[in-house]
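Student: What follows is a predicted protein model with its sequence.
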Amino acid sequence: MSENVLVIGSGGREHALCWKLAESPLVKRVVCAPGSVGISSTKDNVESVELDVKDFPALATWCKDNSIDLVVVGPEDPLANGIVDALQAKGIKCFGPTRAGAQIEANKDWAKKFMQKYQIPTARYKSFTDADAAKEFIRSAPYSALVVKASGLAAGKGVVVASSKQEACQAVDEILTEAKYGAAGEVVVVEELLEGEEVSVLAFTDGETVSMMPPAQDHKRIGDGDTGPNTGGMGAYCPCPLITPEQLADVKDQVLQRAVDGLKAEGIKYVGVLYAGLMVTKAGPMTLEFNCRFGDPETQVLMMLLETDLYRIMKACALGTLKEVQVKWNTGMSAVGVVIASKGYPETSTKGCVISGLSQVSKDEDIVVFHSGVARGANDSLVTAGGRVLLVAAKRASLRTAASSATNAAASIDFPGAQYRKDIARRAFSNSE
Ligand code: AMP
Ligand code: GLY
C-alpha cells in the first residue's frame, strides 16, 4: 500500500472510480480534483482537492509535490485539451489517451474517416462545412432517415436524429449557419439512421491489448418507456443481454481491437478506456460513436461487478503490460443503476434542495449511492447541486432483482422535485423472457 492516485473529475463516474480504487491494496491515497462531498466520504483514504484542472503546468507541479503515481482522467474535455500530453511530458503516468487519441471522440469527422479507413462497421456518412452542400446531399440522399451531428464536442448535445429531410436541413442550419455549438459545429456529419438496440461496450487498453468489459445499456431519455427529451443518462444496467456472445466477439475483433490497431498504425498509442457506442442492427453491431473515456452512468454499474483490482489494471495500461493482467468480472451477478435527477432536468436544474433518506439506503452493502451533483448544505445536510443528483446502484443475482432493489432504494431517497425512471433494465426483460 504505497501508491497515490489522482482522479480528475467530480461526477458519479468519478465517484465510482474512486470507490473502486480505494479498495486496492496497492493504493495509499486517492485524491479527486475537484471531487465532491460524496467522493470525499467514500473511505478514509479518499479526499477531494480544489485544483484548477485546466492549468496543466500547475497540475503537473502538484502531482510531483504530492508523489502522484498515476493520474486517471474521467471526462473528455481535458483529454481533448491535451491533459495527458502535458502531464506525460513531465514524466507523470496517466490513464487516458493523448490529445491525438481523444480525437476519436472529439472530432466525429476524423472518427468517421478513421472507421472507414480501418473497416470498422459504422453508418454511411458524408461531412460538410458548407450548409448548401449539406442540404443538397440531404435532399438527394438515398437513406430514408438521417442523423445530423456537430463534429466537435458539444457536451452530449449536437446530435439530431431527424424524422424528416426538412428537420435534417434545419439541423444543418442550426449547426453550420447559426453556429449553435460554436467551433464544435464548424463541420457537420450527416449519416444514415440505424435501427436496433443501443449497447455500450467499453474496453481497457494499453495501446496493444484490449480487455473488454461486460456490455451495458444506458437509458438516455428522461421518461419511462424511453419518452421525452434526451439526457446525460437516467440509468444503466450490466450485463446487457441484447447483444449475443458471438456479436460481442465480433465487436472485440472488428471494432475495439481494430480501432486500437488502427490508432497505432496512425502513430497513436491509445491508453485508457475505449468506449464503443453500438447499435445492434439486424445486420449486426454497428459503431455509432467512440468515446475516449468511461461512460456515465455505465461506469457506476460496471464498477459494481469488477473483481480485479482497478488500480492494477489502470497501472498496467499506463505501463503497457495489460496482457499480463487477467481482468475478472462477477459474471454471476447483475448491476442496475437508477439516476435521481432534479426538477426541470434536462432543460434546467435546481440547487440547494435538501436530500433525505440516504442513511436508510447505505445499510445493504450491495446497494451503493454515487453522487453526481450533490453539495454540502446548512447544518451538515446534503443538497442538490446539478441536473443529475445521485445514482443508486444495486448488485443482485439477476437483472430483475437488481432493478427492483435499485428502484426501491431510489424511492426511499427524496428531495423536492426528485425524478427517476422506474423501468431501468426493462428492455432486457421484455426481450429475454
Ligand atoms: P453520438 O454522440 O454520435 O453517439 O449520438 C448520440 C445519440 O444519437 C446516440 O446515442 C444514438 O441514440 C443517436 N444516434 C447517433 N447516430 C445515430 C445513427 N446513425 N442512427 C441512429 N441513432 C443515432
Ligand atoms: N453514457 C453515455 C456517455 O457517457 O457518453
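Tutor: Everything's here; your move. Residues are numbered from 1 along each chain as shown. Ligands and ions are numbered 1, 2, ... in the order given.
Student: Flag every residue of the stretch 251-400 of the chain that's near ligand 1.
Tutor: Residues of the stretch 251-400 of the chain lying close to ligand 1 (CB under 6 Å from any ligand atom) are G277, M279, L288, E289. C-betas here are computed from N, CA, C, even on glycine.
Student: mind checking pLDDT for the closest residue to D309 other than its chain neighbours?
Tutor: Nearest non-adjacent residue to D309, counting by CB to CB, 6 or more residues apart in numbering: S24, 4.8 Å away. What the model reports for S24 is a pLDDT of 96.
Student: For the stretch 1-150 of the chain, which residues are neighbours of ligand 1?
Tutor: Residues of the stretch 1-150 of the chain lying near ligand 1 (CB under 6 Å from any ligand atom): A123, V147, K149.
Student: Tabulate the residues of the stretch 251-400 of the chain next to ligand 1 (TSV), appending distance to Q119 and secondary structure.
Tutor: Converted to TSV, those look like this (distance: CB to CB, whole Å; DSSP: H, G, I helix; E, B strand; the rest coil):
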residue	distance to Q119	secondary structure
G277	18	strand
M279	17	strand
L288	17	strand
E289	17	strand
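Student: So which of those is the closest to ligand 1?
Tutor: E289 (3.6 Å; CB to the nearest ligand atom).
Student: how far away is that closest one from A80?
Tutor: 14 Å (CB to CB, to the nearest Å).
Student: you'd agree L70 is up against L87?
Tutor: No. With contact defined as CB atoms under 8 Å, L70 does not count as touching L87 (10.2 Å).
Student: Need the residues touching each of the two.
Tutor: Taking CB atoms under 8 Å, 6 or more residues apart in numbering as the contact rule, L70 and L87 both touch C94.
Student: Off-centre distance for stretch 320-332?
Tutor: Distance of stretch 320-332 from its chain centroid, counting by CA atoms, centre = their mean, to the nearest Å, is 20 Å.
Student: actually stretch 10-21, not the one I wrote
Tutor: How far stretch 10-21 lies from its chain's middle: 12 Å, per CA atoms, centre = their mean.
Student: Adjust the sequence numbering to begin at 71 for everything that follows.
Tutor: Renumbered: residue one is now 71, and that last one reads stretch 80-91.
Student: buried ones in that stretch?
Tutor: Of the residues in stretch 80-91, S80, G81, G82, R83, E84, H85, A86, L87, C88, W89, K90, L91 count as buried by neighbour count, 16 or more other CB atoms under 10 Å.
Student: near ligand 2, anything from that stretch?
Tutor: No. Between stretch 80-91 and ligand 2, judged by CB under 6 Å from any ligand atom, nothing touches; the nearest distance is 7.5 Å.
Student: What mean pLDDT does that stretch get?
Tutor: Regarding stretch 80-91, the rounded mean pLDDT is 97.
Student: wait, E244 sits on K250?
Tutor: Yes. Counting by CB under 8 Å, E244 does reach K250; the two are 4.6 Å apart.
Student: that older thread, tell me the secondary structure at the residue nearest to D379.
Tutor: Using DSSP: H, G, I helix; E, B strand; the rest coil, the structure places S94 in coil.
Student: and it, how many neighbours?
Tutor: Neighbourhood size, S94 [other CB atoms under 10 Å]: 21.
Student: Does the one helix or strand P148 maps to reach ligand 2?
Tutor: Element membership for P148 (DSSP states H and E) is helix 146-150. No. Helix 146-150 lies apart from ligand 2 when judged by CB under 6 Å from any ligand atom; the minimum separation is 8.2 Å.
Student: Check which helices and strands that helix is in contact with.
Tutor: If you count contacts as 3 or more CB pairs under 8 Å, 6 or more residues apart in numbering; DSSP states H and E, helix 146-150 packs onto helix 169-176.
Student: How about the helix it packs on and ligand 2, touching?
Tutor: No. Applying CB under 6 Å from any ligand atom, one finds helix 169-176 separated from ligand 2 by no less than 8.6 Å.
Student: residues in contact with the helix or strand following that helix?
Tutor: Downstream of helix 169-176, the first helix or strand assigned by DSSP H and E is helix 178-187. Helix 178-187 is contacted from outside by 173-175, 190-192, 195, 197, 219-222, 257, 259, 261, 329, 332-333, 336, 357, 359-360, using CB under 8 Å, 6+ apart.
Student: Convert helix 178-187 to CSV, retaining C-alpha atoms only.
Tutor: Coordinates of each C-alpha in helix 178-187 appear next as CSV, following Å, rounded to 0.1, in the frame of the first residue of the first chain:
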residue,chain,number,x,y,z
LYS,A,178,-16.5,13.0,-35.3
ASP,A,179,-15.5,13.8,-38.9
TRP,A,180,-12.0,12.4,-38.1
ALA,A,181,-13.5,9.4,-36.3
LYS,A,182,-15.8,8.5,-39.3
LYS,A,183,-12.8,8.7,-41.7
PHE,A,184,-10.8,6.6,-39.3
MET,A,185,-13.6,3.9,-39.1
GLN,A,186,-13.9,3.8,-42.9
LYS,A,187,-10.2,3.5,-43.4
